[in-house]
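*Asks:* Pasting the sequence and the predicted model now:
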Amino acid sequence: MLLFSAKTSTAIETVTTNIVAHLQQHTSLNLADVAYTLKVGRRAFNHRRMVVCQDFDDAVKVLNSQDPQRVFTHYQEPCNRPIMFMFSGQGAQYVNMGKELYQSEPIFKEQVDQCCELLKPHIGLDLRTVLYPSEQWVQQATQQLLQTAITQPALFVIEYALAHLWMAWGVQPEAMIGHSIGEYVAASLAGVFSLEDALALVAQRGKLIQQLPTGTMLSVQLPEHKVRPLLKPELSLAASNSPSYCVVSGSTEAIEKLTTAATRKRCRLSATAYFHAFHSVMMEPIIDSYTQKLQLVKLNTPQIPFVSNVTGTWITKAEATDPNYWARHLRQPVRFSEGVTELFKQPKRIFLEVGPGRTLSTFSRPKSLAIAKK
């Protein structure tokens, strides 16, 4: 990433032109050294520009073309903008997520390795063989990563390691929000769980869900108040992700009936790749056994504020330290839309998705929220 800054809009163009000329004249330079010098060795002024590039030729080509999809220019008033970490839920995972970071960033690798070692007795395998398989085992690892008992620990590990990498780079969260299993990452960083306990809980949570009968989830592009009348007793609202985007969860048969009814009403639908009906009535058979597991864990007061999936507002000390809260978290709908709305009450916050996808970034865009409200 190449960073530029200047005191005026004219000066930022001059700086960019000069840097491009310099790169063209000194092709033997190490581009990483150039990036470091521009970031650390130059003062930060209010007119700023950035570009992510692969090599010298790419940098010169993009800066000359001023492609708005890759070159970002902005006037930044001096301020301290608070950072919000957002942690993804199930569905964002894929084989080799974070592989280049694992190979090149010691802090990321250290956190992944530590988590995978701690997980071995809980999941019965080295998770790294699933996350980063050899070429001949990619297909098998892809199938393993579809199993909730593996998926949930895998997402936790990657997001936890990513968060530590960002923090090591100086990006500290003022507050956090997670989506379903992502809230466990937020709670761990906040100190509610120790890392050892968090991994044991996430592994147990995934294992219990894996043992349940299969189900289905369906995305419905309607606001919650229009979705609820469509729900039969065997169906549940699993998530309210934005003011116009919900997820319904239940048995495959019940979801198929809903799909037929929703199609007649011309609702916009999209299937998911889940094999279980998360956050639905189908989770109830495992709540008691999971509560018993939670009662063995020491729960602490959060040291970093985070927004609850269950309530859609700031988690309280009483909730964070109550095993029954985390049991309800398994069953209740994810109130992500309400949570983001709560976070937007303070202006100028920066929302950073700490996970393998971009879904939460899409849900939390102010433009999307504004359109949905209209």
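*Replies:* Good, I have the coordinates. Small disclaimer: the values here were computed from a predicted structure and weren't measured. Numbering: from 1, shown residues only.

*Asks:* how about Glu353, what does it touch?
*Replies:* Shown in contact with Glu353 (Cβ atoms under 8 Å, 6 or more residues apart in numbering): Met86, Ser88, Thr359, Leu360, Ser361. For every residue, glycine as well, the C-beta is placed using N, CA and C.

*Asks:* what about Gly170, how many residues close to it?
*Replies:* 6 (other Cβ atoms under 10 Å).

*Asks:* how much space between it and Tyr132?
*Replies:* Gly170 sits 27 Å away from Tyr132, going by Cβ to Cβ, to the nearest Å.

*Asks:* How about Leu145?
*Replies:* Counting by Cβ to Cβ, the separation of Leu145 from Tyr132 is 11 Å.

*Asks:* Then Leu162?
*Replies:* Plainly put, Leu162 is 15 Å away from Tyr132 if you go by Cβ to Cβ.

*Asks:* where in the stretch 51-200 of the chain is pLDDT low?
*Replies:* Counting by pLDDT under 70, the stretch 51-200 of the chain contains no low-confidence segment.

*Asks:* can you give me the strands for it?
*Replies:* Assigned by DSSP state E, counting those that start in this stretch, the strands in the stretch 51-200 of the chain fall at 71-75, 83-87, 173-178.

*Asks:* need these in a markdown table with mean neighbour count and distance to Lys348, can you?
*Replies:* Shown next, in a markdown table, are the strands of the stretch 51-200 of the chain (neighbours: other Cβ atoms under 10 Å; distance: least, Cβ to Cβ, whole Å):
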| stretch | mean neighbour count | distance to Lys348 |
| --- | --- | --- |
| strand 71-75 | 13 | 13 |
| strand 83-87 | 25 | 11 |
| strand 173-178 | 24 | 11 |
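
*Asks:* In the protein, which strand is the longest?
*Replies:* Here the longest strand in the chain is taken by residue count, with DSSP state E as the criterion, and it is strand 235-242.

*Asks:* Tell me the strands beside the helix or strand following it, with direction?
*Replies:* Next along the chain after strand 235-242, taking DSSP states H and E as the criterion, comes strand 245-250. Note on strand 245-250: by DSSP bridges, its sheet partners are strand 216-220 (antiparallel), strand 235-242 (antiparallel).

*Asks:* what is the mean pLDDT for the helix or strand containing Ala21?
*Replies:* Mapping Ala21 onto the secondary structure by DSSP H and E places it in helix 9-25. Summarised as a single mean, pLDDT over helix 9-25 is 93.

*Asks:* just checking, what packs against the helix or strand following it?
*Replies:* The C-terminal neighbour of helix 9-25 among helices and strands, as given by DSSP H and E, is helix 31-40. In terms of contacts (3 or more Cβ pairs under 8 Å, 6 or more residues apart in numbering; DSSP states H and E), helix 31-40 is packed against strand 2-6.

*Asks:* Could you list the buried residues of the strand it packs on?
*Replies:* Across strand 2-6, burial judged by 16 or more other Cβ atoms under 10 Å covers Leu2, Phe4, Ser5, Ala6.

*Asks:* and what of stretch 187-197?
*Replies:* By neighbour count on 16+ other Cβ under 10 Å, the buried set for stretch 187-197 is Ala187, Ser188, Leu189, Ala190, Val192, Phe193, Asp197.

*Asks:* What's the biggest helix in this structure, counting residues?
*Replies:* Secondary structure assigned by DSSP state H gives helix 148-168 as the longest helix of the chain.

*Asks:* tell me the angle of that helix relative to strand 173-178?
*Replies:* Computed by axes from the mean of the first three to the mean of the last three Cα atoms, to 10 degrees, the angle separating helix 148-168 from strand 173-178 equals 170 degrees.

*Asks:* Distance of the closest residue in space to Glu174 that isn't next to it in sequence relative to Gly339?
*Replies:* Nearest residue to Glu174 in three dimensions, chain neighbours excluded: Pro82, at 3.8 Å (Cβ to Cβ, 6 or more residues apart in numbering). The gap separating Pro82 from Gly339 is 16 Å, by Cβ to Cβ.
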